[in-house]
Each structure stands twice: as structure tokens, then as C-alpha cells.
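1. predicted model follows, preceded by the sequence.
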Amino acid sequence: MATSPPPPASPGITAGGTGARRHAHWWQRKWVRYAALTTLLTLSGLVILALVRKQTGTEGFLVGLGLAVLPVPLLVAAFRWLDRVDPGPWRNLLFSFAWGACAAALIAIVANSFATQWIATATADPSHADTLGATVIAPIVEESAKAAAVLLVFLFRRGDFTGIVDGVVIAGVTATGFAFTENILYLGTAFGTDQLTGDTGIFSVTAATFFVRVIMSPFAHPLFTVLTGIGFGVAALSADRQQVRRVLLPITGLLLAMGMHAMWNGSSTFGEYGFFAVYGAFMVPAFGLLTWLAIWTRQRELGTVRTELPSYAVAGWLAAPEPYVLGSMKARRLARQYATRHGGRDAGRAVAEYEAYATSLAFLRHRGRRGRAGADFAVRERELLHELWARREPARPALEYAARATTPARSPWPGYGYPYPTYNPYRS
């Protein structure tokens, strides 16, 4: 059996004694938290199901459900694609979607209805109450409810929440779940209206609602909440000693999300073409800008992989070409395909895991060099290194093949002083 090489020196991290662990209280046990969270989401889902079905009717609920589900796979796939460099666990995405669709939607329906009715009673002006509820109350309540999911992942899944992309993905998937439930309500209600008026086809209320909410603006709720996610993501990149910054950044992101949401909801009050003006002049450019920011951040993550992993190659944990292969999504894909083709699904899965562990290792070292790693840096580094070492047999030939396949000419490997064949680390 091959002996694993010693790990490289940890960048500025001193391992301290852990001491004896205190006995965890019953409410701190993992299974208790899982049970409580599952119960909360299940009860929220049952209540929101009953409320929506009561308002839309059974037939309207089924029609709304069938139409509202259409954009969900595309949005989730887009956020999952964005997270491919260092993919978080599926359980975080499932929690985020469930929170948005169940807990956040229930909070929004109850709080919005209560606040609007209270304003209408206090002012004796129902139309003014509806406008105020849509432009002020709804953005505050809904964005706060969705932000709660991002906060929970940030606090309790801190190891999975390391930067802007993680914040964007968690926030986006939460908002996708929220929009899914909201679309069921709106589309189901529109179908009920059409049943009463007898309207059908493209001139029906259902068709118009579907066009506006599913075709034109499926990204609206994700766009708002992504601003909150970016705030949490930048906070995750901040050092632990920057407590004020770590608090103010998420709050700033949440306020921006509320502001954008309020502008979107209030667009109908800006005149006959107010909706289209806000959509074309504000929403679409904002969507393009945030999309560019997310993709740029993903490319920076790949650059971090190429920058941080060479020290582990020098120490013997990785082969020399691997830091640069792992910094290219094309090369990573080729390595997985090669392993699956020559070793079966298990080999392909092992290579995918190797890539994920190596990426986590690069991010861990990056945080360590910038003084943002926790006290368990050395323990976590050792765990990741051994996970890599356990998968080196299927991974190394696959990554070597990917290195040869992604460059047409011989090129020296930077930082090692001797040539390695056929790979340009700066190609994606």
C-alpha cells in the first residue's frame, strides 16, 4: 500500500488543543434538529396546501400546479449549474426549496392578509390598503421570510456556505420554491375567474397570468432574493473579526431585495405602461448584471483552484497537472467521462468526488491564507487530503487523460521547473 505524503504547512494556522467535549444538550443533537425542521416544513406545507386549495378550488389548484411547475426544473438546473465548481449537498437545496414553497409562503399569506386587512380597517380605504400592502408590506414580509432560509444555512451549514455563489444558489432556490407556491395561487385563481366568465384560449385571464408570471418573469422572485444571498455570500468571505461587516452586509442585501421587490410590485401604479417600463429598463438589465456577476464569481472560483492546489502537488498529494485540470470545467467533465467509460459508474462517481474534495481543499486553503479559516483548519485539511488519497487510483489516469485532451501542444507546467505534456492551464 502506498504511503501518503505529509501535508503541506498550513498557512498561518496554529492547531490548538480541543479539550474534552461537553455533553451536548438534547436540543443540540442533530436528529432533534432534523425532526423539528421536518415537522415544521411538513405542517407548513399542509397548511399552505389547504389555504391555496380553499382559495382556488380543487380544479383550479390542479391547473395552477400543472402550470406553475413548468419553470421550476429550469431554474433549479440553472442554479445547480452555477454551483458546479464546488457543488453543495442536495439536502441544502431541498431544504431551501421546501422552506420557500412551504414556510415562507405560509408566512407571506398570513402576514400579508393580516396587515392589509388591518390597514383597510384603520383607514376605511380598501383600495389604498391593497396598494400599500402590495408595494410596502409584501416586499418586507416576503423577502424577510425567504431570507430566513439563507440565514439558517449560513448559521448551521457554515461549511457549505463559503462565498457568493453559495449565497446566490441558496437564495435563488428558496425564491424558486416561493414563486412556485405563489404561482399556483395566482394561476389557480385566474382559472377560477375564467370558469365564471367563460373566457378561454389566449384571451383568458389564465393565459395572461401564465404569460406574465411564467414566461416573462420566472426569474423575478429569484432576482430579488439573490441580492440577499450576495450579502450573505460577501459576509462569508469576511474575516471572523469583522463582525460589523458580517452583520451589515446581509442586512444591506435584504434591504436592496425589498426595494427591488417594491418597485416591481408598484410598477402598475406608474401609469398604463409602467409595468413594461420597469421590466425593460430595470428588471432585465438587473437580471443581466447579476447573471454576469454570478458567472464571473464562478470563474474566480476556478482561478482559486488553480492558485491554491499546486502546493499540494509539490507535497506529493496531487499529480503535477491536476491543479490546472481541476481549474477547468471542460477538463473535469472529460475526466469524469473517461473514468465512466473505462471503469464504470463507480469510477466516474469517484472522480466526481475527487474533484469536489479537491475544490473544497483549495477553498479551505484560500480562507486559511487570508486568515478566515476556523480553528479546525488542520483537521479539515487532513480529512480532505485523505478523501483524495482514497480516490487517487481511478482519478489520476482520468485527470491525466483530461490534461492531454484539453491542449494540442506541449507546454511546461508553471511552478515546477520541468515540462509536463499537453495542457494549458489557462484554457477553460
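-> Nice, thanks for sending it over.
2. how far away is the closest residue to E355 other than its chain neighbours from W90?
-> Leaving aside its sequence neighbours, E355 sits nearest to R332 (C-beta to C-beta, 6 or more residues apart in numbering; 5.2 Å). C-betas here are computed from N, CA, C, even on glycine. Relative to W90, R332 is positioned 19 Å away (C-beta to C-beta, to the nearest Å).
3. quick check: domain ranges of the protein?
-> 31-269, 301-405 (the TED database).
4. make TSV from those domains and add mean pLDDT, distance to L289 and mean neighbour count to it.
-> Output for those, formatted as TSV (pLDDT from 0 to 100; distance: least, C-beta to C-beta, whole Å; neighbours: other C-beta atoms under 10 Å):
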stretch	mean pLDDT	distance to L289	mean neighbour count
domain 31-269	90	10	19
domain 301-405	90	19	20
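5. tell me which of the ones you listed lies nearest to F276.
-> domain 31-269 (8.3 Å; C-beta to C-beta).
6. quick one: end-to-end distance for the closest one.
-> Length of domain 31-269, first residue to last, C-alpha to C-alpha, to the nearest Å: 49 Å.
7. now do stretch 272-292
-> Where stretch 272-292 begins and where it ends lie 31 Å apart, using C-alpha to C-alpha.
8. in it, what's buried?
-> Buried residues in stretch 272-292, defined by neighbour count with 16 or more other C-beta atoms under 10 Å: F275, V278, Y279, M283, A286, F287, L290, T291.
9. from those residues, which single one is nearest P218?
-> F287 (10.6 Å).
10. and that closest one, what is it in contact with?
-> By C-beta atoms under 8 Å, 6 or more residues apart in numbering, the contact set of F287 is F219, L223.
11. need the pLDDT of it.
-> pLDDT recorded at F287 is 89.
12. can you give me the strands in the chain?
-> 411-412, 419-420 (DSSP state E).
13. out of the domains of the chain, which gets nearest to P8?
-> Between these, domain 301-405 lies closest to P8; by C-beta to C-beta that is 4.4 Å.
14. the closest one: end-to-end distance?
-> 22 Å.
15. what segments of the stretch 201-350 of the chain are helices?
-> 205-210, 220-236, 243-265, 274-278, 284-308, 310-314, 322-325, 329-369 (DSSP state H, counting those that start in this stretch).
16. hmm, who's touching the fourth one?
-> Applying C-beta under 8 Å, 6+ apart, the external contacts of helix 274-278 come out as M263, W264, S267, S268, F270, G271.
17. now the weakest link among the strands of the chain, please, by mean pLDDT.
-> Minimum mean pLDDT among the strands of the chain: strand 419-420, a mean of 36.
18. show me what contacts the residue most central in space within the chain?
-> Computing the C-alpha centroid of the chain and ranking residues by C-alpha atoms, centre = their mean puts V169 first, at 1.3 Å. With contact taken as C-beta under 8 Å, 6+ apart, V169 is in contact with F79, R80, L82, D83, G88, L93, G229.
19. thank you kindly, that will do.
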